[in-house]
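*Asks:* mind folding the following:
(4 chains)
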Protein chains: 2
Amino acid sequence: MIFRGRFEYTIDLKGRVNIPAPFRDRLQESAQGSFFLTNFSDCLYAFAADDWARIEERLSRVPSTDRKMNAFVRFFLGGAVEVVPDKQGRILVPPSLRSYAGLEKEVVILGMPNRFEIWSLARWQEEIGRFEKEVHEDLGLAREISALGI
Amino acid sequence: MIFRGRFEYTIDLKGRVNIPAPFRDRLQESAQGSFFLTNFSDCLYAFAADDWARIEERLSRVPSTDRKMNAFVRFFLGGAVEVVPDKQGRILVPPSLRSYAGLEKEVVILGMPNRFEIWSLARWQEEIGRFEKEVHEDLGLAREISALGI
DNA sequence: GGTAATTGTGGGGAAAGGTGGGTAACGGTC
DNA sequence: GACCGTTACCCACCTTTCCCCACAATTACC
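*Replies:* Numbering: from 1, shown residues only, chains lettered A, B, ... in the order given. Alright, predicted model coming up:
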């Protein structure tokens, strides 16, 4: 499932964040509106139920003797929670995830292929700043982008 | 059975640790809430009764002539206890396991495929620190992760 | 342009979850 | 058999979460 768009919200004192209405509608169709949230690359990743099931299936095949990959599973699956938006369309972000992603007040939600992401506004701006710099400096990156037909 | 999520608790003076409510519910369905606990990789591994039965079955097939594997069985099975959460949802961690995993005050419980793990907070932070460093330095690891479709 | 519906934010109250402690049963030791 | 430390089973308290309701702001529609 692909998600599109950028949305800005504020996280309230109880740690609740609104989920974009169009995303909620899409998720409603697949799994009664519930989805999965976990920590990765300085933000939170959100997956629809069926995409998440596929991921879990692969995670459970990681051999427990592979030290590095096990550390990853610990981190990724350990961060995971199933969430269901309340009647107002908000979810409660667990404290551990909130602190990982640095969510305090202003929050950005971004559509992505197969997932959407929840960022602290400040961090997201830094990330975008870095990208804009690199796109001008890194020729390989520019070439990769144009190869996408953009 | 797959477990997910990360939970932080404090171990009290009597050596009791809370078990996450969602895990307790899952375990309730399979085996009246009891599960098995043992020592491994600097933390404690917890298995649901039916998964544990499968493990024991395999352990019993280890030939007694295999010196190295026998040492493992001694360690792994020797550490094992069956525990049942009390009415408040806590278990008593035996002193030997407590000291093996370095559990003193703050404790983290992590969901994993087929098991969950009990860590000392400090040790888990080290473990995660190592992982985050490796993910940036080790291109092969990064590639393995993206191969999971994440 | 006015009205209705949708969307986002805040807060109150009930329920659940987590923590600490007291006391009685149990088990091992001298 | 008495004593001591450990474990099991309660009860009580506090914090967090869940489920409402209310309202402001924006958008859609006639």
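
*Asks:* number of residues surrounding A:V17?
*Replies:* As a burial measure, A:V17 scores 21 neighbours (other CB atoms under 10 Å in any protein chain shown). Using the backbone N, CA and C atoms, a C-beta is placed for each residue, glycine as well.

*Asks:* mind listing what A:L44 touches?
*Replies:* Contacts for A:L44 (CB atoms under 8 Å, 6 or more residues apart in numbering or on different chains) come out as A:L37, A:T38, A:V93, A:L97, A:Y100, A:A101, A:L103, A:E117, A:I118, A:W119.

*Asks:* and the fifth one, how close does it get to A:F3?
*Replies:* I take that to be A:Y100. A:Y100 is 21 Å from A:F3, where distance means CB to CB, to the nearest Å.

*Asks:* same check, this time on the third one
*Replies:* Per CB to CB, A:V93 is found 18 Å from A:F3.

*Asks:* just the ones of the contacts of A:L44 in strands?
*Replies:* For these, the ones inside strands are A:L37, A:T38, A:E117, A:I118, A:W119, with DSSP state E as the criterion.

*Asks:* let me have those in a markdown table, extended by pLDDT and neighbour count.
*Replies:* Putting the ones in strands among the contacts of A:L44 into a markdown table (pLDDT from 0 to 100; neighbours: other CB atoms under 10 Å in any protein chain shown) gives the following:
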| residue | pLDDT | neighbour count |
| --- | --- | --- |
| A:L37 | 96 | 22 |
| A:T38 | 96 | 24 |
| A:E117 | 96 | 20 |
| A:I118 | 97 | 25 |
| A:W119 | 96 | 24 |
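
*Asks:* pick the one among those residues closest to chain B.
*Replies:* Within the ones in strands among the contacts of A:L44, distances to chain B taken as CB to the nearest CB reach their minimum at A:T38, with 8.3 Å.

*Asks:* beta partners of the closest one?
*Replies:* Beta-bridge pairing for A:T38 (DSSP bridges): A:Y45.

*Asks:* give me the low-pLDDT residue ranges for chain A?
*Replies:* Applying pLDDT under 70 to chain A flags no residue at all.

*Asks:* find the centremost residue of it, please.
*Replies:* Note on chain A: the residue nearest the mean C-alpha position is A:Y45, at 1.9 Å, using CA atoms, centre = their mean.

*Asks:* please identify which of A:V93 and A:F3 sits among more neighbours.
*Replies:* Neighbour totals were compared for A:V93 and A:F3, and A:V93 leads with 23 against 20 (other CB under 10 Å).
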